[in-house]
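# predicted model and sequence follow; I will ask about them next.
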Amino acid sequence: MGEEPADRGAAVRTAPDSFESLFLAEYGKVVAVANRVLADRQEAEDVAQEVFLDFHRKHPADAGYAPAWLQRAAVHTALNRIRSRKRRERREVNDANLRTDTPPDPQDVLVVNEERRRVRQALSRLSTKPASLLALRYSGLSYVEIGAALGVGTNQIGTLLRRAEQSLLKELNRVTPA
């Protein structure tokens, strides 16, 4: 390995080295934590990569809290994956239960279609961020996935989601001309 040119600062050389050291020291532990939650080594490795990438984007590699943060994030991310999987399974079961051999009642179809139209109209009246947040969440994405998609911290998603739901309810309850 060659040395860096002298004109680059020491911080440029040490930052990648310190992150690499952190990665090498903690990767196995982070994978083990995620694997205990998921019971799937490959998915645990995916979680570890996601957690390290998130840490690298937001924190200095030499932060004293790094090991604890990484392990806590691994647990949360793994749990979010399980929750997301369960939501997806529930959705699939519900969809399968809705598909029966008996044709749906035309009146029920009309009511469902009208309600969907009202929700879409109300969503279109919301600003982009709350509308996107609601669409992503009710598409089955986890808080982590929503945060990544919208560039928002995961810890803010719950509050933003509640506000967006309240705004949507106001729009749905608003009297609109026919």
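Perfect, I can see it now. Numbering: from 1, shown residues only.
# buried ones in the longest helix along the chain?
Counting by DSSP state H, the longest helix found in the chain is helix 66-98. Within helix 66-98, the residues that qualify as buried are 66, 69-71, 73-81, 84, 87, counting by 16 or more other Cβ atoms under 10 Å. Placement of C-beta: from N, CA and C, glycine included.
# closest to residue 96 out of the residues you listed?
residue 87 (14.9 Å; Cβ to Cβ).
# what residues are up against the closest one?
Residues near residue 87 by Cβ atoms under 8 Å, 6 or more residues apart in numbering: residue 140.
# ok, back up a step: in the buried residues of helix 66-98, find the pair that's most separated.
So, the buried residues of helix 66-98 by Cβ to Cβ: farthest apart are 66 and 87, at 30.8 Å.
# gap between residue 150 and residue 144?
11 Å (Cβ to Cβ, to the nearest Å).
# mind checking which of these two has more residues around it?
residue 144 (21 against 16; other Cβ atoms under 10 Å).
# need the contact list for that one.
Contacts of residue 144 by Cβ under 8 Å, 6+ apart are 50, 76, 77, 80, 154.
# and it, backbone torsions?
Main-chain torsions, residue 144, degrees, to the nearest 10: phi -60, psi -50.
# for it, report the pLDDT, please.
Predicted confidence (pLDDT) for residue 144: 88.
# for residue 173, see how far away it is.
31 Å.
# one more: residue 82?
Distance from residue 82 to residue 173, by Cβ to Cβ: 35 Å.
# how about the strand or helix carrying residue 52: buried residues?
Assigned by DSSP states H and E, residue 52 belongs to helix 41-58. For helix 41-58, a neighbour-count test (16+ other Cβ under 10 Å) marks 43, 44, 45, 46, 47, 48, 50, 51, 52, 54, 55 as buried.
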